[in-house]
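> Structure for this input, please:
(2 chains)
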Amino acid sequence: MRDVTKVLDVVGISKHFGDLEVLRDISFQVQKGETVCVLGPSGSGKSTLLRCINWLERPDAGQIYLSGQEIGVTAGGVVMGDRELSHIRTHIGMVFQHFALWPHLTVLQNLMEAPIQVQKRPKAEVREEALALLAKVGLSDKRDVFPAKLSGGQKQRVGIARALAMKPDLLLFDEPTSALDPELVGEVLVVMRELAREGMTMVIVTHEMGFAREAATRVLFLDHGRVVETGSPEQFFSRPETDRARQFIQRYANDAANGRR
Amino acid sequence: MIHDFGIVWSERSLLLSGLGNTTILSILSAVAALLLGFMLTPALMSKQAWLSWIVRGFVDGMRCVPFLLFAYIVYYGLPSLGLRLDNWTSGLLALTIYNAAYMAEILRGAWASQPREPIEAGVAFGFSNLSLFRRIVLPPLLLAAGPVIGNQIIQIVKDSAFLTIIALPELTHAAASIQSRHYVPFAAFITAVFLYWGLCLVIEAGVTTIDRLAAARR
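As a prediction, the model looks like this:
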């Protein structure tokens, strides 16, 4: 039996798209309550790695364990059917770069849809929790509005609340602020910082170096589909061990100095 | 002239039964064509080249055949292949198959224009197969395609008038019988026109409702 304080255990994941090797033998673990930020240049495989964790992309090799249970493959070694895979996915929340809210449902309905339809939890209880979550992300007044009427920052806060409504063991963020206007990034990071403080277990793919530095418990630096460096944000940003990481940090520092992110 | 309309009024039960039959024909074939269209759409978008080619051939073929001709083939042509259908079955079958081709094409267009991410979010949140389709994929699809589907249903209502040639007692057939019985062509046909118009107004009202729902979500 595996150690269950390890919420996520990724063992030797590889992934190809055609001839392109996107992920090469990636292994890492996430303990309960950790905030792991995955950093790296564009095309380094960060998003693919995140999408492999809940099997939105099927890895070519390696294993992924959520609280000790293997994802995607049954105990008998067979690839899981849709039903089993869907069941495991309900334990992993996901926040998308382009929000991916369901356009035909109101904000409140977006939060309640999966807990009621997939998790089959009682409607009254789900509604109460959803209202509390909307209050938490500061959007109580938007509950009956359709997503199209919201700003990007508001959409992403709904996206986060929608993921939390599933009471997931693990929360995945795929570049949650990359599609936002600069002045809207802050309101989303505030919510994410709050979650980190509360001890939500999170894996966050991001380009927000400031956020990673102050909120992450650990940083994973990817380049060309490999984990090049891993460690505390303090260690990674102040004393990077590899040239690749040094260049990467330097470029972001320059961009920040020039007023770009 | 007033007298002519009086004659049509005296035959109102015949006209109303024609209107009823037109309504039934239209509803049944619209629902069947939509369902068939839903089955054809994934095939139309299939990565299996042979499958998408066959369905694409059917859809393009149907869209190039005049409906009158197609109805002739089903009712008068199929018996030479040993398949003899009565006029109701032939009429329904012709309307359904013919319009399924249009519905498939309409749904394919709406499907292709839907963003991929909300559906992916559905998968990530544990929806699968039927529940994914019913709860996540279908509603925005219907909202997007609703107005065009409404237009196609109006087309079905109008196409059903051709079925008078296979002696199906629908509205045009009823109007034609009244005029031939009493020699009141203008009054009989103009009354039928207004009844068709009324039917289309009902469909339009439905389309407007869908449009309003869709606009609130845009």
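> Would you mind measuring from the closest residue to B:Leu36 other than its chain neighbours to B:Leu143?
Ranked by Cβ to Cβ, 6 or more residues apart in numbering or on different chains and with sequence neighbours excluded, the top spatial neighbour of B:Leu36 is B:Ala100, at 3.7 Å. Using the backbone N, CA and C atoms, a C-beta is placed for each residue, glycine as well. Using Cβ to Cβ, to the nearest Å, one gets 21 Å for the distance from B:Ala100 to B:Leu143.
> swap in A:Thr206?
Taken as Cβ to Cβ, the span from A:Thr206 to B:Leu143 is 34 Å.
> cool, B:Ala175 as well?
For B:Ala175, the distance to B:Leu143 - Cβ to Cβ - is 37 Å.
> Report the contact partners of A:Gly225.
A:Gly225 sits next to A:Lys15, A:Glu21, A:Val22, A:Leu23, A:Arg24, A:Ile26, A:Ser44, A:Gly45 when contact means Cβ atoms under 8 Å, 6 or more residues apart in numbering or on different chains.
> Is the fifth one in a helix, a strand, or coil?
When the structure is reduced to helix, strand and coil (DSSP: H, G, I helix; E, B strand; the rest coil), A:Arg24 reads as strand.
> hang on, isn't it packed against A:Arg226?
Yes - in this structure, A:Arg24 sits in contact with A:Arg226. The criterion is Cβ atoms under 8 Å, and the distance is 5.0 Å.
> Nearest residue to A:Glu57 in space, ignoring adjacent ones along the chain?
Using Cβ to Cβ, 6+ apart and skipping the chain neighbours, the partner closest in space to A:Glu57 is A:Arg51 (4.4 Å).
> rewinding a little: quick check: of the contacts of A:Gly225, which has the highest neighbour count?
A:Leu23 (28 neighbours; other Cβ atoms under 10 Å in any protein chain shown).
> If we ignore the residues flanking it in sequence, what's nearest it?
A:Lys15 (4.1 Å).
> ok but the one you found is inside a strand, no?
Yes - counting by three-state DSSP, A:Lys15 is located in a strand.
> What parts of chain B come near chain A?
In this structure, chain B approaches chain A at residues B:115, B:117-118, B:120-129, B:131, B:135-136, B:139-140, B:143, B:216-218, judged by Cβ under 8 Å from any Cβ of the partner chain.
> Kindly supply the PyMOL command isolating those of these that are buried.
Those of the residues of chain B next to chain A that meet the burial criterion (16 or more other Cβ atoms under 10 Å in any protein chain shown) are gathered into one PyMOL selection, given here:
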select buried, chain B and resi 118+120+121+122+123+124+125+126+127+128+135+136+139+140+143+217
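> Would you map the helices across chain B?
Listed in chain order, the helices found in chain B under DSSP state H are B:2-10, B:12-44, B:49-64, B:67-72, B:87-112, B:117-124, B:129-132, B:138-159, B:171-182, B:185-216.
> do the same with chain A
Using DSSP H, the helices found in chain A span residues A:46-53, A:82-89, A:107-117, A:123-136, A:152-164, A:182-198, A:209-215, A:233-238, A:243-257.
> Looking at the stretch 151-261 of chain A, what residue ends up closest to chain B?
Each residue of the stretch 151-261 of chain A has a distance to chain B, by Cβ to the nearest Cβ, and the smallest belongs to A:Met166, at 6.6 Å.
> Now that residue. Nearest residue, chain neighbours left out?
Spatially, and ignoring its direct neighbours in sequence, A:Met166 is nearest to A:Gly93 (5.4 Å; Cβ to Cβ, 6+ apart).
> tally of neighbours for that neighbour?
Under the criterion other Cβ under 10 Å, the count of neighbours that A:Gly93 has is 27.
> give the contact list for it.
The neighbourhood of A:Gly93, defined by Cβ under 8 Å, 6+ apart, consists of A:Ala163, A:Leu164, A:Met166, A:Pro168, A:Leu170, A:Leu171, A:Leu172.
> Residues contacting the lowest-mean-pLDDT helix or strand in chain B, please?
Taking mean pLDDT, DSSP states H and E as the measure, the helices and strands of chain B show their lowest mean at helix B:2-10, namely a mean of 87. Helix B:2-10 is contacted by residues B:Leu15, B:Ile178, B:His182, B:Val184, B:Phe186, B:Ala187, B:Ala188, B:Thr191 when judged by Cβ under 8 Å, 6+ apart.
> can you list the residues of the stretch 1-150 of chain A near chain B?
Taking Cβ under 8 Å from any Cβ as the test, the list of the stretch 1-150 of chain A residues beside chain B reads A:54, A:56, A:82-83, A:85-87, A:89-90, A:92, A:94, A:96, A:98-104, A:113-114, A:117-119, A:146-148.
> Buried only: go through the residues you listed for me.
For those, a neighbour count by 16+ other Cβ under 10 Å gives the buried set as A:54, A:56, A:85-86, A:89-90, A:92, A:94, A:96, A:98-104, A:113-114, A:117-118, A:146-147.
> What about A:Pro59, how many residues nearby?
The tally of other residues near A:Pro59 (other Cβ under 10 Å) stands at 23.
> And A:Leu66, how far from A:Val79?
When Cβ to Cβ is applied, the distance between A:Leu66 and A:Val79 equals 16 Å.
> ok, the two, which is more surrounded?
When A:Leu66 is set against A:Val79 and neighbours are counted by other Cβ under 10 Å, the residue ahead is A:Leu66, at 21 against 11.
> just checking, that one touches A:Ile92?
Yes - with contact defined as Cβ under 8 Å, A:Leu66 and A:Ile92 form a contacting pair (6.7 Å).
> List the residues that are in contact with both of those two.
A:Asp169, A:Leu170.
> Off-centre distance for stretch A:238-257?
The chain centroid and the centroid of stretch A:238-257 are separated by 23 Å under Cα atoms, centre = their mean, to the nearest Å.
> and what of stretch A:73-82?
For stretch A:73-82, the distance to the chain centre is 24 Å (Cα atoms, centre = their mean).
> now the end-to-end length of it.
Between the opening and closing residues of stretch A:73-82 lies a distance of 11 Å (Cα to Cα, to the nearest Å).
> What are the buried residues along it?
Of the residues in stretch A:73-82, A:Met80 count as buried by neighbour count, 16+ other Cβ under 10 Å.
> could you give me the average pLDDT of stretch B:40-58?
For stretch B:40-58, mean pLDDT is 91.
> List the buried residues of it.
Buried-residue list, stretch B:40-58, by 16+ other Cβ under 10 Å: B:Leu40, B:Thr41, B:Ala43, B:Leu44, B:Val55, B:Arg56, B:Phe58.
> circling back to that earlier point, ok, the residue of the stretch 151-261 of chain A closest to chain B - contacts?
Contacts of A:Met166 were listed using Cβ under 8 Å, 6+ apart, and they are A:Thr90, A:His91, A:Gly93, A:Ala114, A:Pro115, A:Gln119, B:Phe125, B:Gly126.
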